[in-house]
Every structure is written in C-alpha cells, then in structure tokens.
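> Provided below for reference: sequence and predicted model.
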Amino acid sequence: MADMVRVISCEPNGPQNLRCLLEHEWLITNGLGGYASGTICGAATRRYHGLLVAAHPAPLGRLMMFNHLFEYIRLPNYRTIQFGGVERKGGQLELHGTDYLVEFRLEQGLPVWVYELPGYRIEKRIVLTHQQNTVFIHYRMISGGDNGTVRLKLRPAVHFRGHDAPVSDDETTPYKVTAVSNRYELSRGQNFPPLRMFLYGQRTAFTFEGQNLSDIRFRAEESRGYESVGSFWSPGQFRADLKKDSDVALVASTDGWDTILALPPDEAIQSEHQRRKRLLNLANPTAKQGLAAEMVLAADQFIITPAGRVEDAARARAAGDEVRTVIAGYYWFTDWGRDTMVSLEGLTLMTGRRIEARFILRTFAYYIRDGLIPNLFPEGERGGLYHTADATLWFFHAVYRYVQLTGDRDTLLLILPKFIAILEHHVRGTRFHIGVDQKDWLLHQGAEGYQLTWMDAKVGDWVVTPRRGKAVEINALWYNALRLTEEWLRQESGEAAAKPFAEQADHVYRSFNERFWYPQGGYLYDVVDGENGLNDTSCRPNQVFAISLDHPVLVRERWGPVMHVVQKKLLTPVGLRSLSPDNPDYKPQYYGDLRSRDAAYHQGTVWAWLIGPFIDAWLRLHPNDKAGARQFLQAFDQHLSEAGIGSISEVFDAEDPYTPRGCIAQAWSVAEVLRALVKTAE
C-alpha cells in the first residue's frame with residue numbers, strides 16, 4: 001500500500017503565506033490522550049501548542065511538558081551568506097519561521113517539514129510513540145551532502161503546567177537539570193514528572209545555559225479572550241553534526257529511560273508507519289483509499305486507553321477486558337458520553353476496530369448511574385458528571401449498530417438488563433427532571449442552570465439554549481430506544497417480554513406526530529411544552545433525527561416537507577446550521593471571547609457531524625441516490641488542507657467562506673463524515 005500524502009506548499013517570506021502557516025495546525029496523538037501539535041511555521045499561538053503533552057493518571061491529567069524547540073543550522077566554514085535578500089553572518093540560520101520552509105506534508109497522517117537552505121535540503125519529522133509519552137524530532141539531510149557537514153543546534157523551551165492551564169500560569173518552583181553521561185532530566189518540584197531528553201547523532205553535546213524567555217504572545221488565545229502572554233524556560237542547547245549519512249534525532253519523554261532508549265529513532269518512525277498501514281488494512285473495503293482513508297487515520301487520534309483512570313483499567317483487566325474511550329476533540333475536550341456514542345460507528349466499526357468498540361461500550365456500561373451514562377469525565381478526575389438527557393439514549397443506538405455489524409450477542413446480553421433498567425428509570429423519572437410525561441409518554445427534561453441536550457453552551461449562569469421541555473431529538477431517540485429494546489427482547493425472550501415496550505413506543509409515536517408537527521412552517525417544533533408551556537418554532541437541525549434513526553418516529557408523509565426545509569435553510573457545504581438564518585437570534589459567525597462564541601455556538605454555527613444524519617435522512621427519501629448524497633461531502637476534501645491538517649474541525653461559520661472554528665479535530669465530525677463516505681460508496 002502506497003503512502004498516503006497530503007501536501008501544503010509553502011512560499012518562503014510570502015505575506016499571505018505567513019498567515020496561512022500561522023492558521024494551519026498539525027496534530028499527532030499517542031493513544032493515551034496525550035498529543036503534540038503546533039502551527040506549520042512553528043510559532044506557538046495556543047496554550048495547547050507543544051511537542052509533548054503527556055497523559056498521566058489523575059490527579060495530574062494531561063501536562064504540557066515540552067513547549068517549543070528553537071532550531072538552528074550552522075553552515076560549514078562559518079561563512080557569511082546572502083539569502084532572501086538578507087546577509088546572514090556566521091552562516092547560522094534559524095529554521096523556525098517561514099524563511100526556508102518550502103513544503104509541509106502529512107505522510108500517513110504524520111507531519112513532515114522540508115527546508116531549503118543555501119546548498120542543502122533538510123527534512124524534519126515528528127513522531128509520538130504509540131501508548132507512550134515519548135516524542136521523536138528527527139532531522140535528515142536529503143540533498144547537499146557533498147557541500148559538507150552542517151551543525152544542528154537545538155534549544156528546548158518549556159513551561160510545565162496542565163495543558164489547559166493559562167499561558168500566564170506562574171509556578172515559582174525553579175527548574176532543575178540533571179545530567180548523567182549524555183542523558184538529561186529536567187524537573188520542577190513534586191507536581192510534575194521529570195522530562196527526560198536524549199540526542200541521537202554524531203558529535204553530540206549539550207551546553208547548559210539557563211535562560212528565561214518572556215513576553216511570548218499567543219495570538220489565538222488573545223483572539224479567544226484568554227490570557228495570552230506567557231514565558232518559557234530553556235535549560236541550554238543541544239548540538240550535533242548533520243550530514244547525508246548521519247541523521248539527528250532528539251527524543252523527549254516522561255517515561256522511564258529503559259522505555260525511552262528501547263526504540264531508536266528510525267525504528268520508532270518505521271513502527272508508527274507500519275501501525276498506520278495496519279489500521280488502513282483493517283478498515284472497511286471502501287475506506288482504504290482517498291478521503292475515506294485519511295478519515296481512518298484521523299479517527300485513530302480519538303480512540304484512547306485513558307491514562308488517568310487506573311482503577312478502571314484494573315477492574316476491566318480482571319474481567320478480561322481493556323479500558324477504551326473516545327476523546328471528543330482536540331485540544332480541550334476529554335471523553336464525553338454523547339460524543340462517544342454518536343462517534344462509535346464511524347470511529348470503530350467503519351475502521352474495523354470491533355474489539356475496541358466492545359471495550360468502549362463495556363466501559364460506559366459500568367458507569368451507568370440512575371439510568372444515565374456520564375456526560376463527561378473532567379480532566380484529571382476519576383468520576384463522571386451525569387448532566388445529560390441524550391447521551392444515554394445514544395448508547396442504545398451505538399450498541400445496536402455494533403451488534404448489527406459484529407453479531408456480538410454476548411455484549412448485547414450483558415448490557416440488555418442495563419437498558420431495561422435505564423428505560424424504567426426514565427419512566428419513573430431520574431436526575432435533572434428527566435422523565436416521561438404519563439399523559440403523552442413523551443420524554444421531558446430540564447433543570448435550572450443545566451443544559452442537558454447536545455446544544456449545551458453555558459456562560460456562568462446563562463444557559464444560552466435551555467430547551468427545557470420535550471425536545472424533538474430527545475423524543476426521537478427515546479422512541480428509537482424503546483423500539484430497539486422491543487426488538488432485542490422479542491429475539492431473546494419472546495413476544496410477552498417485548499410487549500410492554502412495544503406499547504410504550506406506540507404511545508410515543510402517536511403523541512410525537514400529534515404534538516411536534518408545526519403546520520405553519522411545514523417542519524417540526526424544536527421543543528414542545530417548553531418555557532412557560534410554549535412550543536418552540538425555531539427551525540433547527542434536531543428534527544432530522546425524527547427521520548434518520550433506525551426507527552424513525554415521524555410519519556413518512558412528512559419526511560419530504562421536513563427535509564425540504566432543512567435543505568433550504570440549514571444545509572451548507574460543511575454540515576448543518578444550528579439555527580435558520582431567518583430567526584432573529586441567528587449569528588452568522590463564531591468568534592471573539594467566550595461569551596461571544598457561546599452566544600453563537602448553537603445559534604447558526606455550522607456543525608460538521610450533522611451531515612451524517614442529514615445523509616441518512618436523505619437516503620431514506622432517495623434510497624437509490626448514493627451519488628447525490630455523496631455530493632454533500634465534497635467540501636471536506638478541501639477542508640482537510642486547512643485548520644487542523646488531515647482532520648475535521650468542530651464547527652464552522654454559518655456563511656461563506658464557512659471559516660473553520662472551535663476544535664481543530666473533532667471526533668464526531670470525523671466519524672460521521674467517514675461513516676457517510678462508506679454509506680454513499682457505490
């Protein structure tokens with residue numbers, strides 16, 4: 001299988017090029033929740049940009065351990081050169097920036113930089129070792145070796161902190177550097193593990209020269225209204241000879257020395273390439289090339305063994321399982337129940353990772369409390385938060401799709417009693433006023449100060465889109481869960497066991513179609529019996545789920561009118577708007593400080609993941625038009641060359657040019673586009 005390559009060409013010193021390189025970001029992950037990321041040109045613009053964000057057990061969580069690396073090339077004979085119209089004395093050139101960068105590319109999803117220097121062409125690669133908190137930064141001379149040896153100088157810079165902590169976070173404990181032979185450790189008190197560093201190459205050396213680097217501005221943090229000026233500390237400078245037959249690699253890690261030195265750089269790079277080729281070999285046959293194959297590799301970033309929950313791992317291993325979960329998005333999300341269940345089919349079943357799908361489902365099954373699965377697991381904590389009305393209902397959907405594809409009845413039989421208990425809790429009523437209205441069997445939800453549906457923006461005490469009452473997608477999911485349970489019980493235990501759930505589902509079906517149809521608009525109310533007992537006429541994408549789920553709750557004759565309105569008012573090239581432009585609360589752009597962004601988060605902002613259910617609903621209406629459905633996915637190929645290179649952003653502005661916003665890599669965006677690509681393949 002040939003390497004899959006996505007190339008971003010770079011024009012040194014071009015004014016538009018600098019903006020492009022500052023706004024294009026790369027991301028690699030380690031399967032533990034840790035990652036490395038940055039801008040193509042190397043400038044750190046976010047608090048999350050660094051060469052090693054290490055994942056550690058609670059209460060540490062993910063830690064920013066290695067922020068930046070200043071890179072210099074000293075040419076032979078220390079000569080003075082003219083390059084780019086500028087005289088460079090002493091022959092020392094800085095790779096950081098745009099002066100010499102001519103190409104950035106992803107090979108199998110891994111970042112590669114190419115620098116053109118006077119007489120030399122140098123390639124840099126960065127790799128994280130899978131399931132380790134270890135990064136390799138590897139340099140190779142790919143042309144110019146006949147011109148002599150160059151001297152590579154590397155100055156690491158650090159600011160140990162939680163990866164989500166402000167860049168201004170001020171820890172007064174000084175850094176300590178320990179050297180044993182050519183092994184170096186950088187430590188800072190008891191709150192952080194040591195950062196271990198080793199340089200591979202010829203004539204390697206390290207010069208201790210502690211230096212504070214202050215007043216560093218993080219422009220993306222500034223634009224988002226956060227603390228934006230911070231500082232780094234550098235312990236000194238590594239150096240080594242770089243020539244045609246002698247590569248140089250710096251390895252940095254929070255793992256032990258035995259682990260760090262077990263894998264030399266070339267082998268680390270080759271091992272990761274081979275691992276990624278195996279991922280492609282496992283994938284659905286229609287996802288082994290093109291955009292879908294890139295989505296398979298992007299999907300790998302989100303499936304992790306959570307480093308922070310040691311007790312879960314011990315419990316799972318005792319039962320013959322492994323702990324797996326899904327990071328909802330990079331950089332700031334942890335594992336969210338809703339996102340996991342929506343994403344599971346695309347991330348695991350379309351990629352052939354069935355065993356991991358089983359682990360994920362069993363992990364969440366353990367965490368059911370009072371008929372709910374967790375909404376999220378906070379960073380650095382062991383327990384979950386349960387303020388969600390829809391994540392648990394998406395759990396039914398995920399298990400159904402899993403069993404349908406794998407035939408794993410053992411996992412179904414393990415979880416089925418839990419599903420029955422979940423439904424019983426919902427009928428009786430559970431936390432956050434989630435429960436069934438006995439008059440119409442529709443599911444209501446809502447608690448003061450909480451947002452329980454996926455439209456969950458909240459600023460202080462302000463819940464932007466409260467949606468308290470009977471929300472349209474919650475009841476579509478509720479009906480689907482009842483029908484799935486009815487189906488499973490009929491298969492496993494017979495008609496008598498299935499009958500109560502069939503009767504409940506019949507009640508929901510009748511009530512839904514009586515209550516949710518908004519005749520003046522020709523679409524569905526977003527919420528009925530909402531604030532002050534009113535019905536919400538906002539035209540939102542949530543109504544699509546009444547058609548797209550495996551058991552659609554909406555009567556067939558209304559599918560066409562609903563989809564006509566959704567396509568006309570909500571559809572964009574990169575997903576669905578969260579609110580129709582004719583609504584007075586509509587916001588066309590998602591930008592500014594936290595309050596401004598959250599005010600727009602579900603008030604027009606486009607969500608990429610919604611293209612999946614839209615295509616499901618479209619194919620319900622046009623079952624023989626896969627080619628037409630696939631047209632709705634065309635823009636995502638171009639998007640993979642912007643924002644987070646090789647992945648799909650969380651959200652987009654609601655109007656042309658549909659600027660990508662939010663997380664640069666979002667699990668359900670990737671998962672639903674991949675699933676839709678497979679579903680629409682001819």
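Okay, I see it.

> count the residues that sit near the nearest residue to residue 76 once chain neighbours are set aside.
Spatial nearest neighbour of residue 76, excluding adjacent residues (CB to CB, 6 or more residues apart in numbering): residue 148 at 3.8 Å. Just so you know, the C-beta spots here come from the backbone N, C-alpha and C atoms, and that holds for glycine as well. Neighbour count for residue 148, taken as other CB atoms under 10 Å: 12.

> what's near enough to touch residue 148?
76-77, 243 (CB atoms under 8 Å, 6 or more residues apart in numbering).

> could you redo the last one with a cut-off of 10 Å?
Going by CB atoms under 10 Å, 6 or more residues apart in numbering, residue 148 touches 75-77, 119-120, 243.

> and for residue 348?
With CB under 10 Å, 6+ apart, residue 348 has these contacts: 299, 302-303, 324, 326, 354-361, 398, 401-402, 405, 671.

> 7 Å instead, please
Contact partners of residue 348, counting by CB atoms under 7 Å, 6 or more residues apart in numbering, are 303, 354, 356-357, 360.

> wait, which of the contacts of residue 148 is closest to residue 28?
Top of the list for closeness to residue 28, among the contacts of residue 148 and by CB to CB, is residue 120 at 25.9 Å.

> what is the closest one paired to in the beta sheet?
On the basis of DSSP bridges, residue 120 is bridged to residue 117.

> name the SS class of residue 227, please.
What DSSP: H, G, I helix; E, B strand; the rest coil gives for residue 227 is coil.

> with residue 357 instead?
On the basis of three-state DSSP, residue 357 is classed as helix.

> how far away is the nearest residue to it once chain neighbours are set aside from residue 50?
Spatial nearest neighbour of residue 357, excluding adjacent residues (CB to CB, 6+ apart): residue 348 at 3.8 Å. From residue 348 across to residue 50, the span is 28 Å (CB to CB, to the nearest Å).

> what do you get for residue 536?
On the measure of CB to CB, residue 536 and residue 50 end up 43 Å apart.

> which of those two has more residues huddled nearby?
residue 50 (25 against 19).

> any low-confidence regions in the stretch 201-350 of the chain?
Scanning the stretch 201-350 of the chain for pLDDT under 70 picks out 308-310.

> show me where it has helices.
When secondary structure is read from DSSP state H, counting those that start in this stretch, the stretch 201-350 of the chain shows helices at 219-223, 257-261, 265-282, 290-300, 310-318, 337-344.

> out of those, flag the one nearest residue 633.
helix 290-300 (7.8 Å).

> packing partners for the closest one?
helix 265-282, helix 667-679 (3 or more CB pairs under 7 Å, 6 or more residues apart in numbering; DSSP states H and E).

> ok, residues contacting it?
Residues outside helix 290-300 that contact it (CB under 7 Å, 6+ apart): 4, 6, 108-109, 276, 279-280, 283, 286-287, 346-347, 351, 636-637, 640, 646-647, 665, 670-671, 673-674, 677-678.

> repeat the analysis, applying 6 Å as the threshold.
For helix 290-300, contacts defined as CB atoms under 6 Å, 6 or more residues apart in numbering pick out 4, 109, 276, 279-280, 283, 287, 347, 351, 637, 646-647, 670, 674, 677.

> now for the residue nearest the centre of the chain: which residues touch it?
Taking CA atoms, centre = their mean as the criterion, residue 329 is the residue nearest the geometric centre of the chain, at 2.7 Å. Contact analysis of residue 329 by CB under 6 Å, 6+ apart lists 650, 663, 666.
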